[in-house]
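Just to be clear, the model below is a prediction. Sequence and coordinates:
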Amino acid sequence: MSPPPLSLLRGASLFAPEPLGRCDLLCGGGRILAIAKHLPELPPELGTEVIELEGATVIPGLLDAHVHVTGGGGEAGPASRVPPLRLEDLSAAGVTTVVGLLGTDGTTRTMRELVARTYGLREEGLSAYCWTGSYELPVKTLTGSVRDDMAFVEPIVGVGELAISDHRSSQPTLDELLRVAADVHVGGMMTGKAGVLHLHLGDGERGLELVRRAMASSELPARVFHPTHVNRREELWAEARALARGGDLARIPCVDVTAFPPEDDDDGVPAAEAIAAWLREGLPPTRLTCSSDGGGCMPCFDAEGRIASFGVGRATTLLQTLRRAVTELELPLAAVLPAFTRNVADLLRLPAKGRLAVGSDADLVVLDADLAPRGVLARGRWLVREGEIVHRGPFA
């Protein structure tokens, strides 16, 4: 693939994610090369494309750390397997960096398939990574061990989504959870990768009990534990907020709220309201992330544990959540953005992601007046322009 062309974006209302005012950005070679109130014209020999944004809002590309890129589901038999996601399912939603995972099904869905799809998304234009494992224990890896996966398979950044407090989990004990957490932590130290244990939280009454006990009874840093779906029940969300109150910031884990589709959050707290509560209660703003569960099955179970109905997660819910937080709940855009950008990048130890700064990757989203994606630039290439998808995967 040829190097991305030089692009000069003029007159952007820039959120990096902090507000920088009206600026020009120069992108080239997949990186942000310059940011200034006004950048000079470049020699025509460079072939620079100039885009006049006329004050349009520009934010970092979204990072989605929980996406079933090979499709989720399968809990109601083979016909309930969700199809794999396409490039445009993510790019049209403003997602420029994705972390793929397996869910309930680590049997017919495999790590080979997940790693292959991760590489495929990279070839198609996104920045893509993946977690090793699935809901179950022992962890289903590619090489036979968590540390080997992290050391020798470049896209693998940690373990996920290991299930706790869920009837579909392997019912892990504290010792079992700690052994996996220790492996992923040391794997992160050895490789400089995230070293995070991404934990699926189900509807079980035990909630975050295992996470609390693991942090209290081990020397592992709190950052190793990344519980997700914590807004799926009011009680679980209250427990997550209690975990973040008081004490040393280093002992507070980063928790992840899920941008469930509107039709699927009846029993929980919508992600926009969860973010609003977190910020208004003065909880550590750097300890909150938001993901979509894109491509995942959204099942509803009866009292016997059988699926009564199910939907499918969509990456588009991220920007919908952002829009609702800003326009309906009246939160400042700069306060909401880190949960979708910089906080995720910092958790994943991806310093060139989640922010707009000189030297960072040229991943950005141009928003229209309604905070819908008007343009998406990923690694310096336009995937969406003027609201239209201009680059698709090979099977669109």
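Thanks, I have the structure now. Numbering: from 1, shown residues only.

Quick check, residue 395 in contact with residue 86.
Yes: counting by C-beta atoms under 8 Å, residue 395 touches residue 86, with 7.1 Å between them. (C-beta placed from N, C-alpha, C; glycine too.)

what about these two, which has more around it?
residue 86 (18 against 7; other C-beta atoms under 10 Å).

Just give the number of residues close to the closest residue to the more buried one other than its chain neighbours.
Nearest residue to residue 86, sequence neighbours excluded (C-beta to C-beta, 6 or more residues apart in numbering): residue 393, at 5.1 Å. A count of nearby residues for residue 393, using other C-beta under 10 Å, gives 18.

ok, now how distant is residue 393 from residue 340?
Residue 393 sits 23 Å away from residue 340, going by C-beta to C-beta, to the nearest Å.

Next up, the contacts around the residue nearest to residue 86.
86-88, 124 (C-beta atoms under 8 Å, 6 or more residues apart in numbering).

Assess the claim that residue 396 and residue 88 are in contact.
Yes: Residue 396 is within contact range of residue 88, at 6.2 Å (criterion: C-beta under 8 Å).

Looking at the two, which one has more neighbours?
Taking other C-beta under 10 Å, residue 396 and residue 88 do not tie; residue 88 has more neighbours (16 against 10).

That one against residue 390, yeah?
No: Residue 88 is beyond contact range of residue 390, at 10.1 Å (criterion: C-beta under 8 Å).

Mutual contacts of these two, please.
The contact lists of residue 88 and residue 390 share residue 383, where a contact means C-beta under 8 Å, 6+ apart.

Now do the buried residues in the longest helix along the chain.
Ranked by number of residues, the top helix in the chain under DSSP state H is helix 174-191. With burial defined by 16 or more other C-beta atoms under 10 Å, the residues of helix 174-191 counted as buried are 176-185, 187-188, 191.

Quick check: can you list the domain ranges of the chain?
Following automatic domain parsing, the chain resolves into domains at 7-59+353-389, 61-347.

Quick check: mean pLDDT of the first one?
Throughout domain 7-59+353-389, pLDDT has a mean value of 96.

end-to-end on it?
18 Å (C-alpha to C-alpha, to the nearest Å).

from the middle of its chain, how far away would it be?
In terms of C-alpha atoms, centre = their mean, to the nearest Å, the centre of domain 7-59+353-389 is found 21 Å from the chain centre.

Then the last one?
Using C-alpha atoms, centre = their mean, the distance from the centre of domain 61-347 to the centre of the chain it belongs to is 8 Å.

Where does pLDDT dip in the chain?
Residue ranges of the chain with pLDDT under 70: 1-3, 74-76, 263-266, 297-310.

the helices in it, which residues?
Secondary structure of the chain (DSSP H): helices at 87-91, 111-124, 146-152, 174-191, 209-216, 234-243, 271-280, 317-327, 333-336, 342-347.

could I have the fourth one exported to CSV, CA atoms only?
Provided in CSV are the C-alpha atoms of helix 174-191 (Å, rounded to 0.1, in the frame of the first residue of the first chain):
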residue,chain,number,x,y,z
LEU,A,174,-10.3,-16.5,43.0
ASP,A,175,-7.1,-18.5,42.5
GLU,A,176,-7.9,-19.2,38.9
LEU,A,177,-8.7,-15.5,38.2
LEU,A,178,-5.4,-14.4,39.9
ARG,A,179,-3.3,-16.8,37.8
VAL,A,180,-4.7,-15.5,34.6
ALA,A,181,-4.3,-11.9,35.8
ALA,A,182,-0.7,-12.6,36.8
ASP,A,183,0.1,-14.1,33.4
VAL,A,184,-1.4,-11.2,31.5
HIS,A,185,0.4,-8.6,33.8
VAL,A,186,3.8,-10.2,33.4
GLY,A,187,3.1,-10.6,29.7
GLY,A,188,2.5,-6.9,29.5
MET,A,189,5.7,-6.2,31.3
MET,A,190,7.7,-8.4,28.9
THR,A,191,6.2,-6.9,25.8
